[in-house]
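**Q** okay, predicted coordinates and the sequence, questions at the end:
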Amino acid sequence: MKRFLSFLLGLCLIATGFAAAESTNTFKPGTYDVVVTAHNGPMTVHVTFDETKLTAIEIGENQESGYIGDQVFERISAEVIECQSLNVDSIAGATVTSAALKWALSDAVKAAGGNPSKMNAPASPDTTEYKDEVTQVVVVGSGAAGLAATLQANELGLDVILIEQLGLLGGSSVRAGYMVGGDSSVQKAQGIDYSAEDWSNFMQRRDAIHPGLWQEESARAMALKAGENITWLDEMGVEFGPVNLGWQHYGPGGARVGPFAIRAMHDQLDQRKIDYRLYTRATEIIMDDGVAVGIKVVSPNKQEYSIYANAVILATGGYFANQEMVEKYDPEHAMFLTDVCIGADGSGMLMAEKIGAVLDYMGESNYHGLATVWGGGSRSLTLPAGNGCIAVNAEGKRYVNEAGPYELLTKGTMEQDEAFCIMDQTLMDLDVIKADTGLSNIVEMYEVADTVEELAQKLGIDPAGLKATIEKYGQDVRDGKDTEFGKDPQFMRGDFSTPPYYGVKSTVENHTNHGGIVVDIENKVLDANGGIIKGLYAIGECSASHIQGFYTYQDCIHNGRVVAQVIAEELK
Ligand SMILES: Cc1cc2nc3c(=O)[nH]c(=O)nc-3n(C[C@H](O)[C@H](O)[C@H](O)COP(=O)(O)OP(=O)(O)OC[C@H]3O[C@@H](n4cnc5c(N)ncnc54)[C@H](O)[C@@H]3O)c2cc1C
């Protein structure tokens with residue numbers, strides 16, 4: 001029998017444990033508004049009390065990332081109210097937002113005349129007994145790749161268990177900006193005439209930049225299916241907004257699509273009663289006579305057990321959250337922060353290597369050539385870069401095509417003593433930037449000024465140099481031709497004639513890995529002799545199949561679907 005585990009089970013256990021620990025606080029009844037600083041800026045929380053209990057929590061204005069924030073708000077609020085305790089676990093993968101919410105609740109308790117230390121009862125220990133499982137497919141990792149594989153396998157009638165080491169689904173995929181493709185249902189509904197063939201041609205022109213990794217056949221196969229994959233997600237309930245530039249599929253109002261995609265896929269797991277297990281970490285691939293037959297895991301309460309399966313799919317993401325691996329494989333970029341989730345720790349790659357798989361192209365990665373550090377984290381400035389900001393050095397001179405290959409922007413930024421991202425109000429008001437409240441549109445990150453010279457002074461840039469650059473670039477925008485670096489005019493979306501001006505000191509961030517576990521075109525893992533390791537598959541960022549350069553989200557969805565189809569065929 002399948003076991004359906006979700007965070008609600010944890011909540012019930014905790015609630016039982018708290019039943020005896022009634023609050024002895026007394027409160028002045030009413031609703032109290034508290035503002036705290038969360039991951040992306042100020043967050044308002046409205047907390048309601050009656051005489052003896054905290055009865056309601058409502059999250060007001062905030063800039064936390066959609067799905068991640070919602071998971072924290074829903075789950076922690078429910079636990080706190082159910083248990084009348086602030087001593088509930090933070091959600092791994094969203095610890096800052098979790099801590100901020102608990103901080104706000106503690107402040108509200110004080111404001112209502114209560115004492116937070118009287119709401120400190122710990123949860124009872126989780127005594128769930130885990131036993132070995134047998135299934136057809138086990139998927140390790142719940143990013144876009146793992147979720148697509150799980151849902152496609154389920155649609156094909158396969159029994160599947162999905163495991164995730166963090167406390168929420170979505171990995172780094174929940175942060176993604178947009179998906180790419182042509183001929184999708186979303187484009188058609190918006191009357192956009194952009195075919196799969198158009199997309200395939202554009203992608204190859206733009207991304208044939210990793211000659212070693214580039215696999216013409218699979219790149220083209222993926223490109224031609226990209227729109228169909230978006231249609232699949234659309235039909236599953238992913239909310240899409242206006243398509244940017246004809247081919248970039250964002251979320252509603254130009255918001256990052258990642259949270260909407262993960263939300264919809266999460267709902268599908270629930271609706272279809274698929275067995276997914278949070279806080280469950282894979283530690284070892286179980287081999288039998290050269291065949292992968294399952295995976296050893298550690299449960300939320302730290303018990304070891306095994307999940308045996310006909311097919312083991314690794315969808316564990318990249319390695320940029322593992323500093324030791326970054327230093328080993330990519331020392332040149334070891335000094336930079338990363339925007340990936342903490343679960344992207346390379347563990348899937350290391351597990352595979354241990355049983356004879358090959359890791360290759362490990363030093364080949366994608367970096368964001370414009371990012372800044374704010375609020376303790378790295379904040380990507382890719383959307384400004386891809387929509388019309390200019391990147392300048394301390395002399396106020398542009399040094400690169402900001403919307404060209406990430407590699408060139410990264411190299412350019414690394415060559416400057418200091419680098420800055422500059423925008424005007426027109427760019428700041430573009431839907432895709434305005435809606436990016438978690439990253440590029442945190443206004444507090446920027447210096448703001450009414451004139452270019454004033455902005456330059458605030459940032460320590462040569463004012464005359466910046467003014468001359470902006471005048472020249474503005475004219476280029478109006479003429480539809482970047483005379484200096486040949487930027488594609490579709491990415492020049494403002495002529496810098498609308499104050500105020502925004503600027504922020506910028507650096508590089510480590511973004512996605514191209515290298516990883518070597519697989520064939522069907523995502524079967526290969527050994528050092530090029531032979532197939534039976535029963536083992538790798539998809540998404542943990543595999544060395546990043547044929548498409550920038551557009552890894554599509555690769556994850558595509559290969560997630562493909563691998564499920566391959567396995568279904570083999571298990572017939
Ligand atoms: C901020 C940001 C913005 C991006 N924007 C775009 C974009 O606009 N367009 C685009 O195409 N791409 C974008 N990307 C890249 C793309 O989103 C990622 O490459 C892709 O989502 C990776 O998906 P994945 O499923 O391979 O891995 P992930 O989404 O990282 O998921 C891997 C999961 O596996 C789990 N895991 C790892 N090891 C284990 C283990 N041992 N046991 C159990 N679970 C484990 C992790 O905790 C994680 O949840 C962006 C990436 C980031 C970080």
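**A** Thanks, I have it. For clarity, every value in this text was computed on a predicted model and none was experimentally measured.
**Q** tell me where the longest helix sits in the protein.
**A** In the chain, taking DSSP state H as the definition, the longest helix is helix 216-236.
**Q** and the stretch 401-550 of the chain, which of its residues are near the ligand?
**A** Contact residues (Cβ under 6 Å from any ligand atom) of the stretch 401-550 of the chain with the ligand: 512, 540-541. To be clear about C-beta, it is placed using only N, CA and C from the backbone, and glycine gets the same treatment.
**Q** for those, which one is nearest the ligand?
**A** For those, the closest approach to the ligand (Cβ to the nearest ligand atom) belongs to G540, at 2.4 Å.
**Q** tell me how far the nearest residue to that closest one once chain neighbours are set aside lies from H558.
**A** Distances taken as Cβ to Cβ, 6 or more residues apart in numbering place A145 nearest to G540, at 2.7 Å, with adjacent residues excluded. The spacing between A145 and H558, counted by Cβ to Cβ, to the nearest Å, is 9 Å.
**Q** in stretch 403-419, which residues are buried?
**A** Buried residues in stretch 403-419, counted by 16 or more other Cβ atoms under 10 Å: 403-410, 412-414, 416, 419.
**Q** hmm, Y399 is touching E415, no?
**A** Yes. Applying Cβ atoms under 8 Å as the test, Y399 and E415 come out as touching, 7.2 Å apart.
**Q** near the residue in the stretch 351-500 of the chain that the ligand sits nearest to, how many other residues are there?
**A** The ligand sits closest to S380 of the stretch 351-500 of the chain, with a gap of 5.6 Å, by Cβ to the nearest ligand atom. S380 sits with 20 neighbouring residues when counted by other Cβ atoms under 10 Å.
**Q** quick one on the thing from earlier: and which of the residues of the stretch 401-550 of the chain next to the ligand is nearest I567?
**A** Using Cβ to Cβ, G540 comes nearest to I567 of these, at 15.4 Å.
**Q** just checking, the residue of the stretch 351-500 of the chain closest to the ligand touches L439?
**A** Yes. Under the criterion of Cβ under 8 Å, S380 makes contact with L439 at 5.2 Å.
**Q** now do the shared contacts for these two.
**A** D339 (Cβ atoms under 8 Å, 6 or more residues apart in numbering).
**Q** which residues are in contact with A255?
**A** Counted by Cβ under 8 Å, 6+ apart, A255 has contacts 66, 241, 435-436.
**Q** oh, that last question was meant for E197, not what I typed.
**A** Counting by Cβ under 8 Å, 6+ apart, E197 touches 182, 224.
**Q** recalculate using a threshold of 10 Å.
**A** 182-183, 223-224 (Cβ atoms under 10 Å, 6 or more residues apart in numbering).
**Q** a markdown table for those, including distance to the ligand, neighbour count and pLDDT?
**A** Putting the contacts of E197 into a markdown table (distance: Cβ to the nearest ligand atom, whole Å; neighbours: other Cβ atoms under 10 Å; pLDDT from 0 to 100) gives the following:
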| residue | distance to the ligand | neighbour count | pLDDT |
| --- | --- | --- | --- |
| G182 | 15 | 25 | 94 |
| D183 | 18 | 21 | 95 |
| A223 | 13 | 27 | 86 |
| L224 | 17 | 18 | 89 |
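**Q** and the residues you listed as a markdown table, adding distance to L151?
**A** Compiled in a markdown table, the contacts of E197 are given as follows (distance: Cβ to Cβ, whole Å):
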| residue | distance to L151 |
| --- | --- |
| G182 | 23 |
| D183 | 21 |
| A223 | 22 |
| L224 | 21 |
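**Q** which of those sit farthest apart?
**A** Greatest spatial distance in these: D183 and A223, 10.8 Å, computed using Cβ to Cβ.
**Q** overlap in contacts, those two.
**A** Here D183 and A223 have 196-199 as joint contacts, going by Cβ under 10 Å, 6+ apart.
**Q** most neighbours, which of those?
**A** Neighbour max across these (other Cβ under 10 Å) = W199, 24 neighbours.
**Q** just the pLDDT for that one.
**A** pLDDT, W199: 84.
**Q** just confirm it is within a helix.
**A** Yes. Under DSSP: H, G, I helix; E, B strand; the rest coil, W199 sits within a helix.
**Q** would you agree it is in contact with E228?
**A** No. W199 lies out of contact with E228 (Cβ atoms under 10 Å); the separation is 11.2 Å.
**Q** so what sits against both of these two?
**A** Common neighbours of W199 and E228, using Cβ under 10 Å, 6+ apart, are 181-184.
**Q** with secondary structure added, can I get these in CSV?
**A** Formatted as CSV, the shared contacts of W199 and E228 follow (three-state DSSP):
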residue, secondary structure
G181, coil
G182, coil
D183, coil
S184, coil
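**Q** just give the nearest non-adjacent residue to whichever residue of the stretch 251-400 of the chain sits closest to the ligand, would you?
**A** Closest residue of the stretch 251-400 of the chain to the ligand, Cβ to the nearest ligand atom: G343 (1.9 Å). Spatial nearest neighbour of G343, excluding adjacent residues (Cβ to Cβ, 6+ apart): L166 at 4.7 Å.
**Q** count of residues packed around the one you found?
**A** The number of residues packed near L166 is 20, by other Cβ under 10 Å.
**Q** name the helix or strand for it, please.
**A** L166 belongs to no helix or strand when elements are defined using DSSP states H and E.
**Q** please name the residues that touch it.
**A** Residues near L166 by Cβ under 10 Å, 6+ apart: 91-94, 141-142, 278-281, 341-343.
**Q** give me every residue in this protein lying close to the ligand.
**A** Within reach of the ligand by Cβ under 6 Å from any ligand atom, the chain has these residues: 140-146, 163-166, 171-173, 175-178, 281-282, 315-317, 339-341, 343-345, 347-348, 380, 512, 540-541, 551-554, 556.
**Q** out of those residues, which sit inside strands?
**A** Judged by DSSP state E, strands contain the following of those: 140, 163, 281-282, 380, 512.
**Q** surely the residue of the stretch 351-500 of the chain closest to the ligand touches S440?
**A** Yes. With contacts counted by Cβ under 10 Å, S380 reaches S440, the gap being 6.7 Å.
**Q** give me the common contacts of those two.
**A** Common contacts of S380 and S440, defined by Cβ under 10 Å, 6+ apart, comprise 177, 370-372.
**Q** same list, those, but as a markdown table with pLDDT and secondary structure please.
**A** Below are the shared contacts of S380 and S440 laid out as a markdown table (pLDDT from 0 to 100; DSSP: H, G, I helix; E, B strand; the rest coil):
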| residue | pLDDT | secondary structure |
| --- | --- | --- |
| G177 | 89 | coil |
| L370 | 96 | strand |
| A371 | 95 | strand |
| T372 | 95 | strand |
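**Q** now, the most widely separated pair of those residues?
**A** Maximum pairwise distance in the shared contacts of S380 and S440, criterion Cβ to Cβ, is 16.3 Å, between G177 and T372.
**Q** and N244, what does it touch?
**A** With contact set as Cβ under 10 Å, 6+ apart, N244 has these partners: 177-178, 250, 254, 383, 386-387, 430-432, 490, 493.
**Q** got a ChimeraX select line for the buried ones in the residues you listed?
**A** To isolate the buried members of those in ChimeraX, using 16+ other Cβ under 10 Å:
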select :177,178,250,254,383,386,387,430,431,432,493
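**Q** need the contacts of N244 in TSV (columns: secondary structure and distance to D159).
**A** Shown next, in TSV, are those (DSSP: H, G, I helix; E, B strand; the rest coil; distance: Cβ to Cβ, whole Å):
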residue	secondary structure	distance to D159
G177	coil	34
Y178	coil	33
Y250	coil	35
G254	helix	39
L383	helix	40
G386	helix	41
N387	helix	44
L430	coil	46
D431	helix	42
V432	helix	40
Q490	helix	46
R493	coil	48
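**Q** and which of the contacts of N244 is nearest N523?
**A** Closest to N523, out of all of the contacts of N244 and judged by Cβ to Cβ, is Y178, at 23.7 Å.
**Q** V504 contacts M445, correct?
**A** Yes. Using Cβ under 10 Å, V504 makes contact with M445 at a distance of 5.3 Å.
**Q** so the two - more neighbours on which side?
**A** Shown here are V504 and M445; by other Cβ under 10 Å, V504 has more neighbours (24 against 19).
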